[in-house]
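Trainee: Sequence first, then the predicted structure, then my questions.
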Amino acid sequence: MSRFSFLLTTCYLVHAVLAAPASQPHFIPLDDGAKTPDPNLQLWNAKSTTIPEPVRGKLGAPILGPENIDLERQNADLLTPPKTDHGQLENLKWPFSLSHNRLSEGGWAREQNGKLAPLLSKGDVRISTVTPEGQVYVGDVSEGDLWYFPAGFPHSIQAKNTTGLDGAEFLLIFDSGHFSEDATFLLTDWLTHVPKSVLAKNFGVTDLTTFDHIPEKELYIFPSPVPPEDPTADMAVPNNTPYPYTYALSKIEPTNTPGGSIKVVDSSTFKVADKISAVEVVVGVGGMRELHWHPTQPEWTFYMSDNSLNHREHPPLILTPRSSGEARVTVFASSTNARTYNFQSGDVGYVPPSYGHYVENAGDTPLKFLEVFQGGLVQDISLTQWLALTPPSLVKAHLGFSDEMIGKLNKVKQEVV
């Protein structure tokens, strides 16, 4: 404890005695030349070539010790928080680049901590599942589409031949933050731990050598023959579930908004997805996902980029370089607590229920991200709509808005402005 206290005190004293002028050459101008610095301006971004320092106007001091410059370029508002930030909030950002990766002969998997709702980001796959009632569903999913497996339903995911040499890549989303993909219930893992005599009795055979080819180690992601092009040729029996377990989100027309577009998928349209829902959001350059909050469910946000605008040459994934999509998000948690975060493509964000927030496009290309909720229906409260539908006298008493300003408030959610 004494060593920690000493280090903490040293940092405080250095901060207290050093004064670095804001005009130091390697600092980004606070206001691009304006006479009055903007205390809330983002000072740099992930593409900046300058060396970030924790200095905002007359506040702060240079870093004298070691620093991770690349990370600090990606997190300008953590190193130099805007004036509107205050108090304490837990970390609400995680880059997938820092998640442990699991390598297999057939691919890889990394996670960031069940029902299962994946988004296919590149390629084509065939999925299958069997319900507890013995009903069957086999279907194909293409880039930008979804599938859903309720917890405990046996299922398979297989890349199709149309994916080419690069294979297929998809994002798996679980409704429990405690679940680990490494703990997946695998067929080969189970049968490896069942005596052959028990297997023979279960399957009604007498020749124990039937089970000699069961692998000694689990098969997770592994090479196998490609499925036939026609999914009906792959079916043991015809599909007979009441509703499909796939959803062609890529073919749904987006709802256009003043600043971008949205696509909503929940149990009202994807009937089997009763425990998880999502919104695909595109924010144009200079636009913003409006100020809002979600009443009862946390929001998991996965930041992507639009591969029709910018993607890697090899492999051609929708998860493009970090410079291709940038977001600035301020989260307000009540009791004067607020914090601003910077996100790039491949990052994951988290917003607790009823925390007010916005998502601003801080880059020079359209920003695309996926909002995911642990519930069958998407719900949010728009700040503008709330004020527009509240008695005007109350709005005026709280915020001092003029009648003209109150009259301009939109009574319909704008979503992206």
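Mentor: Received the coordinates, thanks.
Trainee: for the helix or strand Thr129 falls within, packing partners?
Mentor: In the assignment (DSSP states H and E), Thr129 maps to strand 125-130. Under the contact criterion of 3 or more Cβ pairs under 8 Å, 6 or more residues apart in numbering; DSSP states H and E, strand 125-130 touches strand 136-141, strand 155-159. C-betas here are computed from N, CA, C, even on glycine.
Trainee: Could you list the paired strands of the last one along with their orientation?
Mentor: Note on strand 155-159: by DSSP bridges, its sheet partners are strand 125-130 (antiparallel).
Trainee: Okay, helices next: where are they in the protein?
Mentor: For the chain, the helices defined by DSSP state H occupy 2-17, 69-74, 76-79, 187-192, 196-203, 383-388, 392-399, 403-408.
Trainee: thinking again about what came up before, between the helices and strands packed on strand 125-130, which has the poorest average model confidence?
Mentor: Between the helices and strands packed on strand 125-130, the lowest average pLDDT goes to strand 155-159, which shows a mean of 93.
Trainee: what's the distance between the spatially most central residue of the chain and Leu146?
Mentor: Central residue of the chain (Cα atoms, centre = their mean): Phe302, 1.4 Å from the mean position. Separation of Phe302 from Leu146 (Cβ to Cβ, to the nearest Å) stands at 13 Å.
Trainee: the bottom helix or strand of the protein by mean pLDDT?
Mentor: helix 2-17 (a mean of 31; mean pLDDT, DSSP states H and E).
Trainee: quick one, what contacts Thr232?
Mentor: Pro238 (Cβ atoms under 8 Å, 6 or more residues apart in numbering).
Trainee: The same query, at a cut-off of 10 Å, please.
Mentor: Taking Cβ atoms under 10 Å, 6 or more residues apart in numbering, we find Thr232 in contact with 138, 238-239.
Trainee: could you dump these to a markdown table with distance to Pro54 and neighbour count?
Mentor: Shown next, in a markdown table, are those (distance: Cβ to Cβ, whole Å; neighbours: other Cβ atoms under 10 Å):
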| residue | distance to Pro54 | neighbour count |
| --- | --- | --- |
| Val138 | 55 | 23 |
| Pro238 | 63 | 8 |
| Asn239 | 58 | 15 |
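Trainee: Could you export those to TSV, including columns for distance to Leu165?
Mentor: Listed next are these as TSV, based on distance: Cβ to Cβ, whole Å:
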residue	distance to Leu165
Val138	25
Pro238	33
Asn239	30
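Trainee: Could you point out which of those is nearest to Lys217?
Mentor: Lys217 has its nearest neighbour among the contacts of Thr232 in Val138, at 27.4 Å by Cβ to Cβ.
Trainee: From Asp230, how far out is that closest one?
Mentor: Val138 is 11 Å from Asp230, by Cβ to Cβ.
Trainee: for Leu98, same thing?
Mentor: Taking Cβ to Cβ, one finds Leu98 at 42 Å from Asp230.
Trainee: And for Leu78?
Mentor: For Leu78, the distance to Asp230 equals 52 Å [Cβ to Cβ].
Trainee: How about His398?
Mentor: 62 Å.
Trainee: Ok, Ser345 next?
Mentor: 35 Å.
Trainee: How many neighbouring residues does Val417 have?
Mentor: 18 (other Cβ atoms under 10 Å).
Trainee: begin at 170 from here
Mentor: Shifting the count to begin at 170 puts that one at Val586.
Trainee: what stretches of the stretch 370-519 of the chain score poorly on pLDDT?
Mentor: Along the stretch 370-519 of the chain, the model assigns pLDDT under 70 to residues 474-493.
Trainee: go again using 50 as the cut-off
Mentor: 476-492 (pLDDT under 50).
Trainee: now the strands: where do they sit in it?
Mentor: All strands of the stretch 370-519 of the chain, identified by DSSP state E, counting those that start in this stretch, fall at 415-416, 424-426, 429-434, 446-452, 457-462, 468-473, 495-501, 507-513, 516-520.
Trainee: Which strands and helices lie in contact with the fifth one?
Mentor: In terms of contact count using 3 or more Cβ pairs under 10 Å, 6 or more residues apart in numbering; DSSP states H and E, strand 457-462 is assigned the packing partners strand 429-434, strand 446-452, strand 468-473, strand 495-501, strand 525-530, strand 536-542, strand 550-551, helix 552-557.
Trainee: Which residue, other than its chain neighbours, is closest to His324?
Mentor: Thr298 (4.2 Å; Cβ to Cβ, 6 or more residues apart in numbering).
Trainee: With adjacent residues omitted, what lies nearest to Leu552?
Mentor: In space, Leu552 is closest to Leu460, 4.0 Å off (Cβ to Cβ, 6+ apart).
Trainee: which residues sit in contact with the one you found?
Mentor: Contacts of Leu460 (Cβ under 10 Å, 6+ apart): 499, 501, 525-528, 550-553, 555, 586.
Trainee: now Thr331: how far from Gly292?
Mentor: Relative to Gly292, and taking Cβ to Cβ, Thr331 is found at 8 Å.
Trainee: Could you check which of the two has the larger neighbour count?
Mentor: Remark: of Thr331 and Gly292, Gly292 carries more neighbours, 22 against 13, as counted by other Cβ under 10 Å.
Trainee: in terms of contact, does the more buried one touch Phe339 like I think?
Mentor: Yes - contact criterion Cβ atoms under 10 Å: Gly292 and Phe339 qualify, at 8.0 Å.
Trainee: hang on, the earlier thing: now do the shared contacts for Thr331 and Gly292.
Mentor: Common contacts of Thr331 and Gly292, defined by Cβ under 10 Å, 6+ apart, comprise 311, 337.
Trainee: Residues in a beta bridge with Ser430, which ones?
Mentor: Under the criterion used here (DSSP bridges), Ser430 is bridged to Asn425, Val451.
Trainee: Who are the contact partners of it?
Mentor: 422-424, 449-453, 535, 537, 584-585.
Trainee: Comparing Leu247 and Asp399, which shows the higher neighbour count?
Mentor: Neighbours were tallied for Leu247 and for Asp399 using other Cβ under 10 Å; the higher tally belongs to Leu247 (17 against 9).
Trainee: The more buried one reaches Leu212, doesn't it?
Mentor: No - Leu247 lies out of contact with Leu212 (Cβ under 10 Å); the separation is 11.5 Å.
Trainee: what's around the residue nearest to Lys580 when sequence neighbours are not counted, how many residues?
Mentor: Of all residues not flanking Lys580 in the chain, Ala557 sits nearest, at 4.5 Å (Cβ to Cβ, 6+ apart). If you count neighbours by other Cβ under 10 Å, Ala557 ends up with 18.
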